[in-house]
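1. turn this into a structure:
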Amino acid sequence: MADLRVSLCMLAGIVLISDIARRTTSKLLGRKTYGTYAVELISTVQLCACTHELKLLGEVGRVEQQLALTLTYLISVVHALTFRGALCNPTSTLEHFCRGTLTGRCALTKLACQFVAAVVARSVVHYVWAFGLSDLHLRHKLFGFKCISPINAPLVKAAAVELACAFAVHTTVHHTHGVEEKYRVHAIAAVITTAVYAGGSTTGAVFNPALAFSTQFPCSGNTFVEYSFVYWMGPVLGMACSILLFGKIIPAFSRKSATGKDQYFSDVKKKMN
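-> Numbering: from 1, shown residues only. Just a heads-up that it's a prediction; the model follows:
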């Protein structure tokens with residue numbers, strides 16, 4: 001419980017410091033382009049740093065699954081409420097680019113911010129863990145902050161799990177776009193928590209290339225190429241499948257069905273006349 005209390009305080013501190021940094025940046029830079037990129041950087045640092053601490057609690061602290069999922073849900077809600085429009089996910093950035101809401105230059109800059117933030121977050125949490133604020137942090141420091149790959153399946157299956165998780169989350173985000181924010185954040189957090197529950201034992205259920213680069217790539221057990229295949233290719237394909245299914249395939253079938261019905265009624269009218 002002492003370790004848990006320290007970790008909760010660390011999570012709260014990360015969110016608080018990040019929010020102060022976002023507010024300060026917004027006041028200094030406003031909503032101009034540089035301000036948007038700064039918020040993207042700060043928010044992605046928040047996401048990655050909090051996930052590092054939750055990952056440590058789950059893998060080294062061995063907290064109960066129910067508690068881990070509860071914390072995942074709560075921190076997902078907090079992230080959604082504090083990110084101030086930041087995407088914090090390369091696949092979300094690519095989705096916005098594909099849908100035409102981001103220019104190529106803006107998308108590339110956001111991607112750069114997200115991966116830089118991933119590296120910064122990893123360095124920051126290692127620095128904080130080095131203080132040994134809890135027995136959990138101290139044990140992790142003694143082992144050199146080492147971690148083991150969470151991939152517990154063949155690479156194709158692991159990539160499929162990341163694909164499915166990304167598909168579910170991207171679909172939820174897109175289809176709840178018009179829902180009131182106070183309800184939308186809980187819906188998205190619930191889907192994220194469900195995805196973590198379903199795929200966590202197979203890959204850790206990250207479905208975010210920048211977050212995976214921060215938390216999973218440094219772990220031993222797999223090569224950079226293998227991690228890239230699972231944690232980069234899987235989520236990108238999941239996002240692409242969501243766009244194709246709900247943006248192209250289903251609308252095409254709907255139009256074809258509507259055309260068929262119109263033709264049917266037209267033929268009926270002709271026969272009646």
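
2. measure the residue nearest in space to the middle of the chain to residue 234 for me?
-> Centroid-nearest residue in the chain: residue 208, 4.5 Å away (criterion: CA atoms, centre = their mean). According to CB to CB, to the nearest Å, residue 208 stands 11 Å off from residue 234. Every C-beta, even on glycine, is put in place using the N, C-alpha and C of the backbone.

3. just residue 34 next, same as before
-> Separation of residue 34 from residue 234 (CB to CB) stands at 32 Å.

4. so for those two, which residue has more residues nearby?
-> The residue with more neighbours, out of residue 34 and residue 234, is residue 234; 29 against 12, by other CB atoms under 10 Å.

5. now the more buried one: closest residue in space that isn't a chain neighbour?
-> Leaving aside its sequence neighbours, residue 234 sits nearest to residue 162 (CB to CB, 6 or more residues apart in numbering; 3.1 Å).

6. dump the residue contacts of that neighbour.
-> 199, 203, 205, 206, 207, 230, 231, 234, 235, 238 (CB atoms under 8 Å, 6 or more residues apart in numbering).

7. okay, now the last one: neighbour count?
-> By other CB under 10 Å, 24 other residues sit near residue 238.

8. for the host helix or strand of it, which residues meet the burial criterion?
-> Applying DSSP states H and E as the criterion places residue 238 in helix 234-244. Judged by neighbour count (16 or more other CB atoms under 10 Å), helix 234-244 contains these buried residues: 234, 235, 236, 237, 238, 239, 240, 241, 242, 243.

9. check contacts around the fourth one.
-> In this structure, residue 237 makes contact with 159, 163, 166, judged by CB under 8 Å, 6+ apart.

10. low pLDDT regions in the stretch 151-273 of the chain?
-> Residue ranges of the stretch 151-273 of the chain with pLDDT under 70: 255-273.

11. one more pass at 50, please.
-> 264-265, 268 (pLDDT under 50).

12. which residues of it fall in helices?
-> Counting by DSSP state H, counting those that start in this stretch, one finds helices in the stretch 151-273 of the chain at the ranges 155-175, 181-203, 209-215, 224-228, 234-244, 250-272.

13. looking at those, which is buried most?
-> Comparing the helices of the stretch 151-273 of the chain by mean neighbour count (mean count of other CB atoms under 10 Å), helix 209-215 ranks first with a mean of 27.

14. and the contacts of that one?
-> With CB under 8 Å, 6+ apart as the test, helix 209-215 has contacts from 44, 47-48, 51-52, 55, 88-91, 114-115, 117-119, 121-122, 204, 206, 227, 231-232, 235-236.

15. now the buried members of those.
-> Buried subset of the contacts of helix 209-215 (neighbour count, 16+ other CB under 10 Å): 44, 47-48, 51-52, 55, 88-91, 114-115, 117-118, 121-122, 204, 206, 227, 231-232, 235-236.

16. could you pull up phi and psi at residue 117?
-> When read as degrees, to the nearest 10, the backbone of residue 117 gives phi -60, psi -40.

17. quick one: it from residue 203, how far?
-> Using CB to CB, residue 117 is found at 22 Å from residue 203.

18. ok, and for the strand or helix carrying residue 113, which residues are buried?
-> Using DSSP H and E, residue 113 maps to helix 104-129. Across helix 104-129, burial judged by 16+ other CB under 10 Å covers 106-107, 109-111, 113-115, 117-118, 120-122, 124-125, 128-129.

19. can you check stretch 92-101 too?
-> Buried positions in stretch 92-101, judged by neighbour count with 16+ other CB under 10 Å: 92, 93, 94, 95, 96, 97.
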